[in-house]
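Novice: Turn this into a structure:
(one chain, ligands or ions: 1)
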Amino acid sequence: METETNKLIINGKQKLEGKIKVDKAKNALLPIIAATILCEDDIVLKNVPKLTDIKKMNEIIVALGGKINWTDNSLTLNTSTINNYEIPPKLASEIRSSIFMLGPILAKHKYARVVYPGGCDIGSRPIDLHLSGLKDLNVKILEEHGFIYCDGKNMRNGLVHLDYPSVGATENIMMASVFLRGETTIFNAAKEPEIVDLQNFINSMGGKITGAGSSTIKIKGVKKLHGTTYTPISDRIVAGTYLIATAMTGGKVLLEDCNFEHIYSLITKLRNSGCKIDYDSDKILIEAKYKPLSCPSVETQPYPGFPTDLQAQFLALQTISEGISVITENMFETRFKHVPELLKMGAKITTRDRMAIVRGGKLFGANVVAHDLRGGAALILAGLAAKGQTTISGIQYVDRGYEQIEIKLASLGADIKRE
Ligand code: UD1
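Specialist: Numbering: from 1, shown residues only. Here you go, the predicted structure:
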């Protein structure tokens, strides 16, 4: 339910200057939290941002019978007391990543029951690839009355070929195979950095996974995993969002604790737009002095292509850039919900199917509504670049993936507050 604290008020046209630390990656942490189900010992995750999606995953762990202790950004989980194989439907309907629990619950308990997962409404998000991968491991699956019953008592290692390199399906199959005798191979696996991080996390508990980051991942079965303390990778989408914010407002911002390689597709495009960008192993410095130039064409693609999770923010940048840009969204069919809101701010955009044509111009303040996480971030960036005051409601979506975004932007000089 929407409350007053779900609104941001921005007075635009302030330059961003200064430095901020990038949060740890939500999309790395969600499967990692699910993977803690594979281990009986304490797991300590360092520097975990206080995000709604992470709170919801923790609630599922607790509902299954596990224990969590979250202090000073260090999250300790113990899942040895889990005695339930059914993800509560209400929690599952609130977060798509609940589906990540399926693989580890099956690996540990050989049986699981789930409902179709929920999450941001950015188009149909089927789980057929997750289920067909599990079938390749000899899991019997029955779908009835909205529930998915998975019987893994005859699970065995195998060869899994994904018809599409789905991030979630790759992660689920990796976790499901951890204890299977022999070797399991995933062909056409997704290559996202978060998958490499899941491999590194599982291996830090004694797992034997190789190949993550390439399209073939091999999982050698082990008997047991042990406790670990682990710091996940930084959030490439959060880093990209702050880079685009700087490009839209002008100024100079240093991002600390981030990895330029993970967002090199964006860095190239921002450089072509006229931004100066330097980096070293864990920092990115962006300087944006002039009005940005439009990017003639951008298409979202699986990693290392341009990420769908930065499409909305990049589209917001095009609304104030010089020229015309054509943006194609290849991953999710209804991921243009920010467009009607940007139109209220004076943006010149036409959409057809999965394509948006954006003519650069000027934005002015307006009352707009966030309908999903990244679309909400795009509206915040538009508000920073707009003349006058913008009020954005629906900020609960943004809180799913950005920790205290208004405080971080205000520390860089933005005039932004939550009401
Ligand atoms: C993950 C990210 C999400 C990002 C997306 C694509 C997390 C928690 N979320 O989501 O932020 O936008 O990757 O980079 O890591 N598909 C199927 N059948 C399936 C699974 C997926 O058809 O069984 C389709 C989806 O509908 C979508 C495409 O494959 O069109 C990509 O989905 P996928 O890679 O699975 O994304 P998620 O893991 O859901």
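Novice: Need the nearest residue in space to Pro104, chain neighbours excluded.
Specialist: Among residues not flanking Pro104 along the chain, Ile37 sits closest, at 3.8 Å (CB to CB, 6 or more residues apart in numbering). Any C-beta I mention is one placed from the backbone N, CA and C, and that applies to glycine too.
Novice: Apologies, that question was intended for Val368.
Specialist: The nearest residue in space to Val368 (CB to CB, 6+ apart) is Glu341, at 4.0 Å.
Novice: which outside residues touch whichever strand or helix holds that neighbour?
Specialist: Applying DSSP states H and E as the criterion places Glu341 in helix 338-344. The contact list for helix 338-344, computed with CB atoms under 8 Å, 6 or more residues apart in numbering, reads 312, 315-316, 319, 347, 349, 351, 356, 363, 366-372, 375-376, 378-379, 382.
Novice: which helices and strands sit right next to the helix or strand harbouring Ala247?
Specialist: Using DSSP H and E, Ala247 maps to helix 236-249. Under the contact criterion of 3 or more CB pairs under 8 Å, 6 or more residues apart in numbering; DSSP states H and E, helix 236-249 touches strand 16-21, strand 251-256, helix 264-272, strand 283-288, helix 311-318, helix 373-385.
Novice: rerun that using 6 Å as the cut-off
Specialist: If you count contacts as 3 or more CB pairs under 6 Å, 6 or more residues apart in numbering; DSSP states H and E, helix 236-249 packs onto strand 251-256, strand 283-288, helix 311-318, helix 373-385.
Novice: list the buried ones in whatever helix or strand Val160 lives in?
Specialist: Per DSSP H and E: Val160 is located in strand 159-161. Under the neighbour-count criterion of 16 or more other CB atoms under 10 Å, strand 159-161 has Val160 buried.
Novice: residue of the stretch 151-300 of the chain with the smallest distance to the ligand?
Specialist: When scored by CB to the nearest ligand atom, the stretch 151-300 of the chain has Gly168 as its residue closest to the ligand, at 2.9 Å.
Novice: where does that residue land on pLDDT?
Specialist: Gly168 is assigned a pLDDT of 95 by the prediction.
Novice: how many neighbours does it have?
Specialist: 22 (other CB atoms under 10 Å).
Novice: Now the phi/psi pair for it, please.
Specialist: Backbone dihedrals for Gly168, given as degrees, to the nearest 10, come out at phi -60, psi -40.
Novice: where in the stretch 51-200 of the chain is pLDDT low?
Specialist: For the stretch 51-200 of the chain, the stretches with pLDDT under 70 are 117-125.
Novice: and Ala347, what is it in contact with?
Specialist: When contacts are counted by CB atoms under 6 Å, 6 or more residues apart in numbering, Ala347 touches Thr319.
Novice: switch to 7 Å and redo it
Specialist: For Ala347, the contact set (CB atoms under 7 Å, 6 or more residues apart in numbering) comprises 319, 363.
Novice: and it, how far is that from Thr5?
Specialist: Distance of Ala347 to Thr5, given as CB to CB, to the nearest Å: 27 Å.
Novice: go on, Ile43?
Specialist: Ile43 is 31 Å from Thr5, by CB to CB.
Novice: Ok, Met175 next?
Specialist: 35 Å.
Novice: for Ile395, same thing?
Specialist: Taking CB to CB, one finds Ile395 at 8 Å from Thr5.
Novice: out of the two, which sits in the busier spot?
Specialist: Of the pair Ile395 and Thr5, Ile395 is the one with more neighbours under other CB under 10 Å, namely 23 against 11.
Novice: which residues sit in contact with the closest residue to the more buried one other than its chain neighbours?
Specialist: Excluding its sequence neighbours, the residue lying closest to Ile395 (CB to CB, 6+ apart) is Asn6, at 4.6 Å. By CB under 7 Å, 6+ apart, Asn6 lies in contact with 393-396.
Novice: Hmm, Pro165 is touching Ala189, no?
Specialist: Yes. The criterion here is CB atoms under 7 Å, and Pro165 meets it with Ala189 at 6.1 Å.
Novice: Who has more neighbours out of these two?
Specialist: Using other CB under 10 Å as the criterion, Pro165 and Ala189 rank with Ala189 on top: 28 against 19.
Novice: what about the most far-flung residue of the chain relative to its centre, which helix or strand?
Specialist: Going by CA atoms, centre = their mean, the residue of the chain most distant from its centre is Asn154, 33.1 Å out. Asn154 is part of no helix or strand, with elements assigned from DSSP H and E.
Novice: coming back round to it: name the residues contacting each of Pro165 and Ala189.
Specialist: Ser215.
Novice: Spatially, what comes nearest to Ser294 if we skip its sequence neighbours?
Specialist: Gly323 (3.3 Å).
Novice: What of Gln396?
Specialist: Nearest one to Gln396, counting by CB to CB, 6+ apart, is Asn6 at 4.8 Å.
Novice: Can you tell me how far that neighbour is from Tyr397?
Specialist: 9 Å.
Novice: which residues do those two both contact?
Specialist: In contact with both Asn6 and Tyr397: no residue, using CB under 7 Å, 6+ apart.
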